[in-house]
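K.L.:
Here is a sequence together with a model predicted from it:
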Amino acid sequence: MSTTRFLTGITTTGTPHLGNFVGSIRPSVAASLTPGVQSFYFLADYHALIKCEDPVRIQRSTLEIAASWLAAGLDPEKVTFYRQSDIPEIPELTWLLTCVTGKGVLNRAHAYKASVDKNTAAERDADDGVTAGLFMYPVLMGADILMFKAHKVPVGRDQIQHIEMARDMAASFNHLYGEHFVLPEAAIDEHVATLPGLDGRKMSKSYDNTIPLFSSREQLKKLIGGILTDSRAPGEPKEVEGSALFQIYQAFATEAETAALRQQYANGIAWGDAKQLLLERVDQVIAPMRAHYEELINNPARIETTLLAGAERARALATPFIRELRKAVGLRDLRDQAIALEGVELVTAGKPSIKLLPAFKQYREADGKFYFKLVAADGGLLLQSTGFDAPKEAGQAIAQLKRGGDALQALAPRLIPVDGVQADEVTTALQALADAASAG
């Protein structure tokens, strides 16, 4: 069965709230347990620098968000859970993508346009207060996604543009340098709830109307008590439509419990009683996680160890991939003519042209296995391997083929002949590599 890669990030600028739990954390943890899915979850602390200039806030938010994910059931042994800034290949990829992304594309990014529109309305310079970080935000997001060849990226409808831009960047790079990137797709779950906040608007840090996810029971009671309701008295029928209290309850309750509260609304339940029901229902879900969260938040060393282990797992993919991309764009070892001269003919006046050589290309596919292929000096495919479980195994097979001898016969079960390519063409290509190595 083929593996689908999902990737989700959360910016480290605030304290997780009930809306984050319902809209992102809970469904993502559930998705991570789906067979055939390889999940990547990261703390987007580079992105946080665009929005927040308080180092203490960013550090604290990183701790709180990591603890929240883990307390909610994310198993770091079953997913790749890492901190963005622990992967130095991501900013390097950001630069590579910057070089293939048109400024006109970035001009149309929603966040940048919103800033420009706001400045224009205030009769200020269009770019007043706009940092290069805000302008380049979509490229960094593209690097996050493309680095790990994500197939699906769960996002809200307001984030679809970023996925489309990442696809454009991948397509531009692939067109110039060959097929390296997977084109990601936005995964929109129409059933994920968007919770209202204390004032009835969408629960958001921007509106200061949130209910922190791991509030104590006493804090939770106080905050729920402050949820905006109308003036209808006990005994008067009440509408569930537009009721923030009812919508939050529905996100935590079963269908039967939701139907029961709907009937109580029709029967004229008192707002105080409805709020008590909400308190009990939310606390029933949160309380077991809250204990785990408190344990984690008081042991930052444990979280740091978890994140560093996740970074090591992530870099096992990112490091060889960025090496592949560096070679693709020409940032190559000058001693390796098999790569440096691939597809290029150098002629010096009065001297013969340098002989072009075949080359091996090693890569990883969506199934998680490692492959290689042998291409001729003109770029034609000569030989294709089957999948190896580890890059080291693929590298050892390549080294064996380069040494010649009976390697082709010995590795026959791991090699796939290419239609139209004769065996002697492959043998000749391998001999050319062996001769070049001996001459070097």
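P.N.:
Cool, got the structure. What you are looking at is a predicted structure, and each value in this text was computed from that prediction instead of being measured.

K.L.:
so how far is Lys361 from Ala399?
P.N.:
Separation of Ala399 from Lys361 (Cβ to Cβ, to the nearest Å) stands at 15 Å. In short, each C-beta sits where N, CA and C put it, glycine included.

K.L.:
Specify which residue of the two has the higher count of neighbours.
P.N.:
Lys361 (17 against 11; other Cβ atoms under 10 Å).

K.L.:
So, low pLDDT: which residues of the stretch 251-400 of the chain?
P.N.:
336-356, 366 (pLDDT under 70).

K.L.:
Run through the strands of it in chain order.
P.N.:
When secondary structure is read from DSSP state E, counting those that start in this stretch, the stretch 251-400 of the chain shows strands at 359-364, 370-375, 381-385.

K.L.:
Can I get the second one as PDB, trimmed to CA atoms?
P.N.:
The C-alpha trace of strand 370-375 is given here as PDB (Å, rounded to 0.1, in the frame of the first residue of the first chain):
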ATOM      1  CA  PHE A 370      15.200   4.700  -1.800                       C
ATOM      2  CA  TYR A 371      15.800   4.300  -5.500                       C
ATOM      3  CA  PHE A 372      18.500   5.100  -8.000                       C
ATOM      4  CA  LYS A 373      18.700   5.300 -11.800                       C
ATOM      5  CA  LEU A 374      21.600   5.300 -14.300                       C
ATOM      6  CA  VAL A 375      21.300   8.000 -17.000                       C
END
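
K.L.:
Give me the buried stretch members for it, please.
P.N.:
Phe370, Tyr371, Phe372, Lys373, Leu374, Val375 (16 or more other Cβ atoms under 10 Å).

K.L.:
Could you export these as a markdown table, including distance to Ala259?
P.N.:
Below are the buried residues of strand 370-375 laid out as a markdown table (distance: Cβ to Cβ, whole Å):
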| residue | distance to Ala259 |
| --- | --- |
| Phe370 | 52 |
| Tyr371 | 53 |
| Phe372 | 58 |
| Lys373 | 59 |
| Leu374 | 64 |
| Val375 | 63 |
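
K.L.:
For stretch 84-95, give me every contacting residue.
P.N.:
Identification of contacts with stretch 84-95 by Cβ atoms under 8 Å, 6 or more residues apart in numbering yields 9, 42-47, 136, 139-140, 142-144, 146-147, 307-308, 311, 314-315, 318-319, 321-322, 325.

K.L.:
Drop anything exposed from those.
P.N.:
Buried among these by 16+ other Cβ under 10 Å: 9, 42-47, 136, 139-140, 142-144, 146-147, 307, 311, 314-315, 318, 321-322, 325.

K.L.:
Among those residues, name the ones in helices.
P.N.:
When helices are assigned by DSSP state H, the members of those inside them are 45-47, 136, 139-140, 142-144, 146-147, 307, 311, 314-315, 318, 321-322, 325.

K.L.:
quick one, helices of the stretch 151-300 of the chain?
P.N.:
160-177, 217-225, 244-252, 255-266, 271-297, 300-329 (DSSP state H, counting those that start in this stretch).

K.L.:
Name the stretch among those that sits most buried.
P.N.:
helix 244-252 (a mean of 22; mean count of other Cβ atoms under 10 Å).

K.L.:
chain center to it: distance?
P.N.:
29 Å (Cα atoms, centre = their mean, to the nearest Å).

K.L.:
Can you name every helix or strand that it contacts?
P.N.:
Here helix 244-252 touches helix 255-266, helix 271-297, going by 3 or more Cβ pairs under 8 Å, 6 or more residues apart in numbering; DSSP states H and E.

K.L.:
mind redoing it with 10 Å?
P.N.:
helix 18-20, helix 217-225, helix 255-266, helix 271-297 (3 or more Cβ pairs under 10 Å, 6 or more residues apart in numbering; DSSP states H and E).

K.L.:
Serialize the ones you listed to TSV and add fields for distance to Ala121.
P.N.:
TSV is the format used below for the helices and strands packed on helix 244-252 (distance: least, Cβ to Cβ, whole Å):
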stretch	distance to Ala121
helix 18-20	29
helix 217-225	34
helix 255-266	41
helix 271-297	39
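
K.L.:
Can you say which of those helices is nearest to Ala66?
P.N.:
helix 271-297 (7.8 Å; Cβ to Cβ).

K.L.:
could you give the angle of the closest one to helix 255-266?
P.N.:
Between the axes of helix 271-297 and helix 255-266, defined by axes from the mean of the first three to the mean of the last three Cα atoms, to 10 degrees, the angle is 140 degrees.

K.L.:
Next, count neighbours for the nearest residue to Glu294 once chain neighbours are set aside.
P.N.:
Nearest residue to Glu294 in three dimensions, chain neighbours excluded: Phe214, at 7.5 Å (Cβ to Cβ, 6 or more residues apart in numbering). Counted with other Cβ under 10 Å, residues neighbouring Phe214 total 25.

K.L.:
how near is Phe214 to Trp69?
P.N.:
12 Å.

K.L.:
Show me whatever sits in contact with both of these two.
P.N.:
Shared contacts of Phe214 and Trp69 (Cβ atoms under 10 Å, 6 or more residues apart in numbering): Pro16, Tyr293.

K.L.:
Between the buried residues of strand 370-375, which sits nearest Gly387?
P.N.:
Nearest member of the buried residues of strand 370-375 to Gly387, counting by Cβ to Cβ, is Tyr371, at 5.7 Å.

K.L.:
doesn't Gln384 make contact with that closest one?
P.N.:
Yes: contact criterion Cβ atoms under 10 Å: Tyr371 and Gln384 qualify, at 7.4 Å.

K.L.:
intersection of neighbour lists for the two?
P.N.:
Counting by Cβ under 10 Å, 6+ apart, the residues touching both Tyr371 and Gln384 are Ile416.

K.L.:
And the strands in the stretch 1-150 of the chain?
P.N.:
Using DSSP E, counting those that start in this stretch, strands in the stretch 1-150 of the chain cover 4-11, 37-44, 80-83.

K.L.:
Which one, of these, ends up nearest to Ile248?
P.N.:
Judging the strands of the stretch 1-150 of the chain by Cβ to Cβ, what sits closest to Ile248 is strand 4-11, at 20.5 Å.
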